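Participant: Let me see the structure of the following:
(chains A, B, C and D)
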There are 2 protein chains.
Amino acid sequence: MTDAALPTARARARAAVTDEIVAEARRQLGEHGAASLSLRAVARALGMASSAVYRYVAGRDELLTLLIIDAYDSLGEVAEQAAFDARRKAPHNRWVEVACTIRRWAHEHPHEYALVYGTPVPGYQAPEETSAPGTRVSLALVGVVREAAERSTLTPTVQVDLPPTLVADLERLRGLIDLDVDDEVLVATLLAWTQLFGLLSFEVFSQTRGVVTEHEALFVAAATAMAKSIGL
Amino acid sequence: MTDAALPTARARARAAVTDEIVAEARRQLGEHGAASLSLRAVARALGMASSAVYRYVAGRDELLTLLIIDAYDSLGEVAEQAAFDARRKAPHNRWVEVACTIRRWAHEHPHEYALVYGTPVPGYQAPEETSAPGTRVSLALVGVVREAAERSTLTPTVQVDLPPTLVADLERLRGLIDLDVDDEVLVATLLAWTQLFGLLSFEVFSQTRGVVTEHEALFVAAATAMAKSIGL
DNA sequence: CGCTTGTCAAGAGCAGTGCTCTCATCTCGG
DNA sequence: CCGAGATGAGAGCACTGCTCTTGACAAGCG
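Facilitator: As a prediction, this is how the structure comes out:
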């Protein structure tokens, strides 16, 4: 039972092979998409028997889980980096920067984007360990709002009436993501979050085909409008 | 070479069997989702050989196309009906009504919603004949805006600056959907459209798990905010 | 009436999938 | 240095989409 502190030669070899499998799986994911990800094809490309793969990965679902975590971490990292790089800019510009970075990542990794933000793979239940990396992107966006709110009070332009049930839900959320702002700012942030990924999904999945051609300009305009509605 | 004007006994029988196949496929779609839709399973349920199905449907992809058209039409119809039923209500209420109807349909038919608004099935290219039914929903929403604009000038609250490229794109869109309104109203409608389905996808695909619990209240609040931003 | 033609169902078969099992091999640690 | 555990390979099961061939049946025509 050697753990990470004392990596046996065997343990190292095992980790290396596992990495190779995941890397090849990610390569195939980028080529053909998640639904047609085949364990046998991965094994074939790696020159090993399909059954041998099962020594390293419990099955197709676990391989998907590893890829999901990978994708979340990859996206989370670029988002965090973008938020850091734009830390001296005005809050609304910072918001747009992070949003555009997320958009760029989505366009560079459409299949990985689909894996985490598209239709859930049927019969596959995302396990607990995917939720932590999954929040990184969202927290990067929330961070922009939080730090702007710490510097000055935000005056959101969103017009919405909040029923008591929603206010209670917002109160819970406020504690969860540690964002000590008014209900209006909170709900505006929440809506901006969904709008950002909604627009992005429409783009990546070509739902706007024929309707929009200037996707980037629309996205920037949308991100700007979101920042305004939050009060950044 | 008998066409619809003169339905041969054979042609009628053929149409009936085709309908049975599509109906069974829709049933299985509602149970297990699109990815695990199996032609053999459909044939089995209908008590015929798998190869016999190919006499009526060219393949799995064509079956998917038929189901997509079905789903679009089903959603389009309820949306149009909702817009008609609420024709005497105030525009912003009418917008919310139609939006909630779309939401209800999505919750009642999650797999069909995923089929048309989720990740595109890999290797499957949606053919031309799906685009017409696909616009029905959107046109129902646009109709609410159009008829409100015909009665009084809308004063949108969306704050966005429009670069020239986007303005040109909006001009094209204005003609396409026959919505003679200001750029601000048009872009607000466009953004509302994406936000509506973005939020809905987040809900249906459980992307908001742990973040939101009062989905309906949030959706109504969001729809109201959209109506406000358009100026309804 | 008989025969040809077109339609249909069924079965076998191919290539692929996920996954499990057994068996041989190889390597590492006591 | 030898045994135990880790590893790889292959066969096999139950699926999938799809094609091809074969045989049955009904419709239409000479």
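
Participant: hey, let's count contacts and neighbours off CA atoms from now on
Facilitator: Will do.

Participant: Can you give me the distance of A:Asp29 to A:Thr101?
Facilitator: Asp isn't right for residue A:29; it's Leu. If you measure A:Leu29 against A:Thr101 using C-alpha to C-alpha, to the nearest Å, the figure is 22 Å.

Participant: neighbour-wise, which of these two wins?
Facilitator: A:Leu29 (22 against 19; other C-alpha atoms under 10 Å in any protein chain shown).

Participant: show me what contacts that one?
Facilitator: Residues in contact with A:Leu29, defined by C-alpha atoms under 8 Å, 6 or more residues apart in numbering or on different chains, are A:36-37, A:111-112.

Participant: Can you give the distance of the helix or strand hosting it from its chain's centre?
Facilitator: Counting by DSSP states H and E, the element that carries A:Leu29 is helix A:9-32. Between the centre of helix A:9-32 and the centre of its chain there are 22 Å (C-alpha atoms, centre = their mean, to the nearest Å).

Participant: Following the chain past it, name the next helix or strand.
Facilitator: helix A:39-46.

Participant: how close does the closest residue to DNA strand D within chain A sit to B:Leu66?
Facilitator: Across chain A, the shortest distance to DNA strand D (C-alpha to the nearest atom of the strand) belongs to A:Met48, at 3.6 Å. Relative to B:Leu66, A:Met48 is positioned 41 Å away (criterion: C-alpha to C-alpha).

Participant: circling back to that earlier point, how about the helix holding A:Leu29: buried residues?
Facilitator: Residues of helix A:9-32 classed as buried by neighbour count (16 or more other C-alpha atoms under 10 Å in any protein chain shown): A:18, A:21-22, A:24-26, A:28-30.

Participant: where's the dip in pLDDT among those?
Facilitator: Lowest pLDDT of the buried residues of helix A:9-32: A:Gly30, 90.

Participant: just checking, it touches A:His111?
Facilitator: Yes. Counting by C-alpha atoms under 8 Å, A:Gly30 touches A:His111, with 5.6 Å between them.

Participant: What's the local residue count around A:Thr208?
Facilitator: 15.

Participant: tell me the contacts of it?
Facilitator: A:Phe202.

Participant: repeat that with 10 Å
Facilitator: A:199, A:201-202, A:215, B:194 (C-alpha atoms under 10 Å, 6 or more residues apart in numbering or on different chains).

Participant: Any chance of these in TSV with secondary structure as columns?
Facilitator: Converted to TSV, the contacts of A:Thr208 look like this (DSSP: H, G, I helix; E, B strand; the rest coil):
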residue	secondary structure
A:Leu199	helix
A:Ser201	helix
A:Phe202	helix
A:His215	helix
B:Thr194	helix
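
Participant: Next up, the contacts around A:Asn112.
Facilitator: Let me fix one detail, which is that residue A:112 is Glu and not Asn. A:26, A:29-30, A:33-34, A:67-68, A:70-72, A:74-75, A:105-106, A:118.

Participant: Return the closest of the residues you listed with respect to A:Gly134.
Facilitator: A:Tyr72 (5.3 Å; C-alpha to C-alpha).

Participant: For the strand or helix carrying the closest one, which helices and strands make contact with it?
Facilitator: For A:Tyr72, the element it lies in under DSSP H and E is helix A:60-85. Judged by 3 or more C-alpha pairs under 10 Å, 6 or more residues apart in numbering or on different chains; DSSP states H and E, the packing partners of helix A:60-85 are helix A:9-32, helix A:39-46, helix A:91-108, helix A:110-117, helix A:131-151.

Participant: Swap in 6 Å and give it another go.
Facilitator: For helix A:60-85, the packing partners by 3 or more C-alpha pairs under 6 Å, 6 or more residues apart in numbering or on different chains; DSSP states H and E come out as helix A:91-108, helix A:131-151.

Participant: for that helix, the distance to its chain's centre please.
Facilitator: For helix A:60-85, the distance to the chain centre is 6 Å (C-alpha atoms, centre = their mean).

Participant: How about the residues of chain A by DNA strand C?
Facilitator: For chain A, the contact set with DNA strand C under C-alpha under 7 Å from any atom of the strand comprises A:8-10, A:37-41, A:50-51, A:54, A:58-61.

Participant: The residue of chain A found nearest chain B: what's it in contact with?
Facilitator: Closest to chain B within chain A is A:Gly198: 3.4 Å, counting by C-alpha to the nearest C-alpha. Contacts here follow C-alpha atoms under 6 Å, 6 or more residues apart in numbering or on different chains; on that basis A:Gly198 touches B:194-195, B:198.

Participant: Local confidence estimate at the residue of chain A found nearest DNA strand C?
Facilitator: The minimum distance from chain A to DNA strand C, using C-alpha to the nearest atom of the strand, falls at A:Ser38 (2.9 Å). We have a pLDDT of 95 for A:Ser38.

Participant: Next, the residue nearest to A:Phe202 when sequence neighbours are not counted: secondary structure please.
Facilitator: By the measure of C-alpha to C-alpha, 6 or more residues apart in numbering or on different chains, the closest residue to A:Phe202 outside its immediate chain neighbours is A:Thr208, 5.9 Å from it. Of the three states, A:Thr208 takes coil under three-state DSSP.

Participant: got a pLDDT number for A:Ser50?
Facilitator: 94.

Participant: close enough to count as contact, it and A:Val42?
Facilitator: No. Taking C-alpha atoms under 6 Å as the definition, A:Ser50 is not a contact partner of A:Val42, at 8.0 Å.
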